[in-house]
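Engineer: The sequence and its predicted three-dimensional model are supplied below.
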Amino acid sequence: MRRALGTMLVLALASSACASARAVVSPSLPSPPPDLASPPAAAPTSEAGPILPPTPAWSPITQSPWVADADRDPREASLSSACGTDDGALTRVAHELVELRARGLGAPDSEAIVAKLRAAGEPYVRPRVIVATGQAPIDDAKLRSELGRRTRAGTPVRCGVAIARTPHGGEVIVALRVDALADLAPLPTRARTGEWLSFEARLHVGARSAKLVVLGPHGAPRSVPTSLDAATGVARARFALDTPGPFTVQLVADVAEGPRPLLEAKIFADVVPTPPGEDPPAPGEDVASASTDPVGDAPALARMVAALRAFEGSPALAHDDKLDALAKAHAERMRDGHSVAHDLGDGDFRDRFEAEGTLDAHAVGENVAHAPTLALAHRALHASPSHRMNLLRADYTYMGVGVSRAPDGSVYVCETFAATSRANPNRASR
């Protein structure tokens with residue numbers, strides 16, 4: 001006998017850090033070539049020879065989709081089919097998450113979940129996590145309805161579902177669901193400094209253009225020449241790993257709602273991969289005070305950004321009280337809504353900047369994040385290509401910082417940036 005669903009939680013994750021974007025319009029693309037949907041037959045190689053042996057915590061390659069295990073639990077497979085195409089890597093991560101929930105250990109935050117996906121070789125961004133709990137066995141009907149809900153018409157959906165029993169007769173079901181806006185041909189997780197790697201992906205969404213952004217251990221992210229075949233929807237690029245350390249590569253496309261990351265992968269050049277989710281410290285972390293006084297949080301984060309820009313040779317930023325106020329108000333809204341986003345119903349940052357009424361700039365940007373500490377928020381932003389671009393962009397002249405602490409001590413962070421040639425970003429200064 002199936003029992004009624006007890007509780008169900010739906011979380012939409014990007015990373016817990018997010019950067020702003022603007023909109024363009026683009027055409028649709030045809031069906032994918034079949035080779036991009038096929039798993040690799042063997043461990044990857046490169047021009048320099050076989051790739052270095054993988055670390056157990058990391059998949060030797062990043063690709064999508066992943067073929068699901070043939071001996072899957074039939075009920076898990078049935079629930080996945082209600083959602084979309086069963087994906088092996090999503091299923092493996094779902095099993096990690098459901099075991100944590102079943103043992104009463106809660107669930108990792110969004111950054112940790114995304115880190116698990118990257119370590120599993122999964123390049124998709126913005127996964128949704130659906131959690132259902134109740135007395136065993138749960139009635140699957142309501143969960144099937146939620147899993148089958150489409151958020152983007154015409155886009156392939158990939159899913160992984162895992163089920164576990166609790167020690168007290170309950171049941172937990174965790175589903176990971178993604179809109180597959182693109183799929184990635186196999187890309188190695190480990191490589192050698194100086195070698196060139198090939199990136200190939202097939203887009204499932206209309207795009208005017210695409211670019212591959214490469215983020216190394218230090219410095220600003222760089223875009224590499226990227227082709228997009230309008231007939232096949234295949235994007236191709238080649239890039240070099242120019243220094244030892246961890247790299248993040250991110251495919252960004254101009255889609256209908258603006259520039260959007262479609263795929264992301266980690267590559268380690270001549271270094272042992274760090275445990276998933278443990279990014280190396282970012283320049284500037286050590287200048288922050290360890291104080292937990294909320295009054296000091298914004299100045300402490302501002303000092304981190306200033307130290308990072310000095311370390312990387314970017315011009316210093318001046319502070320503006322109105323940019324601070326916009327950042328503080330948005331950080332408080334994120335805390336109150338338990339959400340990390342640019343638009344919480346009052347527009348994105350450009351909308352809020354213009355609505356303020358007295359500010360003017362030819363370019364603006366915003367970083368938002370949620371993390372256990374200020375230093376970890378700064379580290380997460382530094383580890384992301386789009387956020388580090390904002391942190392180091394040379395033509396920005398002013399910034400504002402807002403920090404709001406949650407009851408558990410974690411911090412919601414908003415950094416605002418503006419570029420103007422005037423003495424300050426206020427229209428009255430003209």
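Structural biologist: Cool, got the structure. Residues are numbered from 1 along each chain as shown.
Engineer: can we go C-alpha only for contacts and neighbour counts from here?
Structural biologist: Noted.
Engineer: Which strand residues bridge Ala132?
Structural biologist: Met8, Ile173 (DSSP bridges).
Engineer: I'd guessed Pro385 sits against Gln250; true?
Structural biologist: Yes. The pair Pro385 and Gln250 qualifies as a contact (Cα atoms under 8 Å) at a distance of 7.4 Å.
Engineer: what sits in contact with each of those two?
Structural biologist: The contact sets of Pro385 and Gln250 overlap at Val213, Val214 (Cα atoms under 8 Å, 6 or more residues apart in numbering).
Engineer: hang on, isn't Arg101 packed against Val172?
Structural biologist: Yes. Counting by Cα under 8 Å, Val172 is a contact partner of Arg101 at 7.1 Å.
Engineer: between these two, who's got more neighbours?
Structural biologist: Taking other Cα atoms under 10 Å, Arg101 and Val172 do not tie; Val172 has more neighbours (26 against 22).
Engineer: per-residue pLDDT, the closest residue in space to that one that isn't next to it in sequence?
Structural biologist: Leaving aside its sequence neighbours, Val172 sits nearest to Thr133 (Cα to Cα, 6 or more residues apart in numbering; 4.6 Å). Note on Thr133: pLDDT of 87.
Engineer: next one: Ala318
Structural biologist: Taking Ala318 on its own, its pLDDT is 94.
Engineer: Same question for Gly170.
Structural biologist: 89.
Engineer: what sits against it?
Structural biologist: Contacts of Gly170 (Cα under 8 Å, 6+ apart): Thr133, Gly134, Gln135, Ala136, Pro137.
Engineer: rerun at 6 Å
Structural biologist: For Gly170, the contact set (Cα atoms under 6 Å, 6 or more residues apart in numbering) comprises Gly134, Gln135, Ala136.
Engineer: Can you pull the phi/psi pair for it?
Structural biologist: phi -90, psi 180 (degrees, to the nearest 10).
Engineer: how much space between the closest residue to Phe353 other than its chain neighbours and Gly104?
Structural biologist: Leaving aside its sequence neighbours, Phe353 sits nearest to Leu359 (Cα to Cα, 6+ apart; 6.8 Å). From Leu359 across to Gly104, the span is 49 Å (Cα to Cα, to the nearest Å).
Engineer: more crowded one of the two?
Structural biologist: More neighbours surround Leu359 than the other of Leu359 and Gly104, with 17 against 11 (other Cα under 10 Å).
Engineer: Enumerate the beta-bridge partners assigned to the more buried one.
Structural biologist: Taking DSSP bridges as the rule, Leu359 bridges to Asn426.
Engineer: pretty sure it contacts Asn426?
Structural biologist: Yes. Counting by Cα atoms under 6 Å, Leu359 does reach Asn426; the two are 4.6 Å apart.
Engineer: quick one: low-confidence ranges for the protein?
Structural biologist: For the chain, the stretches flagged by pLDDT under 70 are 1-56, 106-109, 150-152, 288-295, 421-425, 427-430.
Engineer: Can you list the residue ranges for helices in it?
Structural biologist: 74-83, 88-102, 110-119, 141-147, 294-312, 321-337, 349-355, 374-382, 385-392 (DSSP state H).
Engineer: buried residues in the longest one?
Structural biologist: Okay, so that is helix 294-312. Using 16 or more other Cα atoms under 10 Å as the test for burial, helix 294-312 gives 297-309.
Engineer: same thing with the second one?
Structural biologist: Within helix 88-102, the residues that qualify as buried are 88-95, 97-99, 101-102, counting by 16+ other Cα under 10 Å.
Engineer: same deal with stretch 345-365?
Structural biologist: Asp348, Phe349, Arg350, Phe353, Leu359, Asp360, Ala361, Val364, Gly365.
Engineer: repeat for stretch 331-338
Structural biologist: Of all the residues in stretch 331-338, those buried under the rule 16+ other Cα under 10 Å are Ala331, Glu332, Arg333, Met334, Arg335.
Engineer: Out of those, which is nearest to Ala418?
Structural biologist: Nearest to Ala418 out of the buried residues of stretch 331-338 is Ala331 (Cα to Cα; 17.6 Å).
Engineer: count of neighbours near Cys83?
Structural biologist: Quick note: Cys83 (other Cα under 10 Å) scores 26 neighbours.
Engineer: repeat for Ala231
Structural biologist: Count around Ala231 with other Cα under 10 Å applied: 11.
Engineer: what do you get for the one 5 residues further on?
Structural biologist: Per other Cα under 10 Å, the neighbour tally for Arg236 reads 19.
Engineer: That one and Ala256: what is the separation?
Structural biologist: For Arg236, the distance to Ala256 - Cα to Cα - is 21 Å.
Engineer: Also Trp66?
Structural biologist: The separation that Trp66 has from Ala256, given Cα to Cα, amounts to 27 Å.
Engineer: quick one, which of those two is more surrounded?
Structural biologist: When Trp66 and Ala256 are compared for neighbours, Trp66 comes out ahead with 21 against 17, by other Cα under 10 Å.
Engineer: List the contacts of the more buried one.
Structural biologist: Asp87, Gly88, Ala89.
Engineer: Might you report the residue contacts of the last one?
Structural biologist: Spelled out, it's Ala89. Per Cα under 6 Å, 6+ apart, neighbours of Ala89: Trp66, Ala120.
Engineer: got it, and the first one?
Structural biologist: Shown here is Asp87, whose contacts under the criterion Cα under 6 Å, 6+ apart are Trp66, Val67, Ala68, Arg158, Cys159, Gly160.
Engineer: what do you get for Cys83?
Structural biologist: Residues near Cys83 by Cα under 6 Å, 6+ apart: Leu147, Gly148.
Engineer: try it again with 10 Å
Structural biologist: Contact analysis of Cys83 by Cα atoms under 10 Å, 6 or more residues apart in numbering lists 77, 143-150, 157-161, 175-178.
Engineer: filter those residues to the buried ones?
Structural biologist: 77, 143-144, 147-148, 157-161, 175-178.
Engineer: So which of the residues you listed is the closest to Asp229?
Structural biologist: Out of the buried ones among the contacts of Cys83, the member with the shortest distance to Asp229 (by Cα to Cα) is Val157, at 22.7 Å.
Engineer: Include distance to Ser223 when you put the buried residues of helix 294-312 into JSON lines, please.
Structural biologist: Shown next, in JSON lines, are these (distance: Cα to Cα, whole Å):
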{"residue": "Asp297", "distance to Ser223": "33"}
{"residue": "Ala298", "distance to Ser223": "31"}
{"residue": "Pro299", "distance to Ser223": "32"}
{"residue": "Ala300", "distance to Ser223": "31"}
{"residue": "Leu301", "distance to Ser223": "27"}
{"residue": "Ala302", "distance to Ser223": "27"}
{"residue": "Arg303", "distance to Ser223": "28"}
{"residue": "Met304", "distance to Ser223": "25"}
{"residue": "Val305", "distance to Ser223": "22"}
{"residue": "Ala306", "distance to Ser223": "24"}
{"residue": "Ala307", "distance to Ser223": "24"}
{"residue": "Leu308", "distance to Ser223": "21"}
{"residue": "Arg309", "distance to Ser223": "20"}
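Engineer: Alright, that wraps it up for me.
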